[in-house]
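> what's the 3D shape of this:
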Amino acid sequence: MADFLTSTHRSKWIFVPQDLKEKYKAANHRAKQMLEKYGATRVDVDLDGSLAYPELQNDAKDNAEKHSRTKPLKTDEEQLLRAFYEFKIQDVCDAFKFPRKIQATALIYFKRFYLQWSVMEHHPKDIMLTCIYTACKAEENHVSAEELGKGIDQDHHSLGFDLIVYSPYRSIDGFINDMEDFIYSNNGQLQHLQDLHETAKMVADKTMRTEAPLLFSPGQLALAALRRSNEEHQVVDFERYLDNILSRQHPARPVSELTIYLNAIDQLVNKLVTPTAADMKHIDRKLKYCRDPGSHEKSKKRKHRSKD
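I've put the predicted structure just below:
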């Protein structure tokens, strides 16, 4: 973990929960102000990487009327939409049979992006594809933009953050190797390590869709996944294993302190909800109207014609 300890990932992209709330709230507030000022929230990225905002509404009365019928997304609605597209990131990566490292990198890019922007400003579908494409390039796994589909900002100016990230999967592998020595005297248990390993990676997949990657180190995420997996497979005395790790690496640090972090990660995984397309229908409609107010009028005209 020496690389992580000196990384920008650790110094710039690990937060406390209140930080995340404030960042999400600030992005949502900015988009609401944009809706009031411009009558729309869509922000486009030009080929040179510059941002193109909606045209300013000069008619204050007209602007007020548009705002009264176009309601911005709430922060909890934005959270549900992000959660939906984070699940879609894993779906796309599975469909392309990308390694877990690419999936994790794309998810972290996606999470970092929406610490700075609202979904009302940049549509998650486009950012999802850009994050997957950029993750492939960062991890040297070739895939063309045409293969992934439209909506990819190939210049990646809109991402605007450090591209080197650390995921829990490498740490899981390292801890599994360490466990082989820890339980070396019990050959029967060694045979179950593979099951422990595979389940831990699946737990980590779920963990990556929570806020945990923005709050905890990859090593802590890995240990939480392994502990949860071990509850199912009962391969090691996990409390004793944690004590063994700390006695070698951080002798002055009590196991109880580490356990607090692992419990917090568990709580986030337990609360994870995967929204369905049906759940998203109302939110997606609101998002469409925020980004393209003209679609609201078109929808009303279609409804009026259908009544006639």
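
> mind checking how far residue 110 is from residue 92?
With distances taken as CB to CB, to the nearest Å, residue 110 is found 11 Å from residue 92. To be clear about C-beta, it is placed using only N, CA and C from the backbone, and glycine gets the same treatment.

> my bad, should have said residue 25
For residue 25 relative to residue 92 (CB to CB), the value is 29 Å.

> Between those two, which is the more surrounded one?
The neighbour count for residue 25 versus residue 92, taken as other CB atoms under 10 Å, is higher for residue 92 (17 against 12).

> Isn't the more buried one up against residue 128?
Yes - checked against CB atoms under 8 Å, the pair residue 92 and residue 128 is within contact range at 7.4 Å.

> Tell me if I'm right that residue 239 and residue 255 touch.
Yes - with contact defined as CB under 8 Å, residue 239 reaches residue 255; the gap is 6.7 Å.

> Between these two, point out the one with more neighbours.
residue 255 (17 against 11).

> so which helix or strand takes in the residue nearest to residue 88 when sequence neighbours are not counted?
Using CB to CB, 6 or more residues apart in numbering and skipping residues adjacent in sequence, the residue nearest residue 88 is residue 128, 6.0 Å away. Using DSSP states H and E, residue 128 maps to helix 124-138.

> residue ranges with poor pLDDT in the chain?
When residues are selected by pLDDT under 70, those of the chain lie in 1-2, 45-51, 56-69, 150-161, 184-188, 295-308.

> Give me the residues contacting stretch 21-38.
With contact meaning CB atoms under 8 Å, 6 or more residues apart in numbering, stretch 21-38 is reached by 15, 40-41, 53-57, 63, 67, 70, 72-75, 78-79, 114-118, 120-121, 290.

> Please produce a ChimeraX select command covering the buried subset of the residues you listed.
Those of the contacts of stretch 21-38 that count as buried under 16 or more other CB atoms under 10 Å are selected in ChimeraX with:
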select :15,40,41,54,57,63,67,70,72,73,78,79,114,115,116,117,118,120,121,290
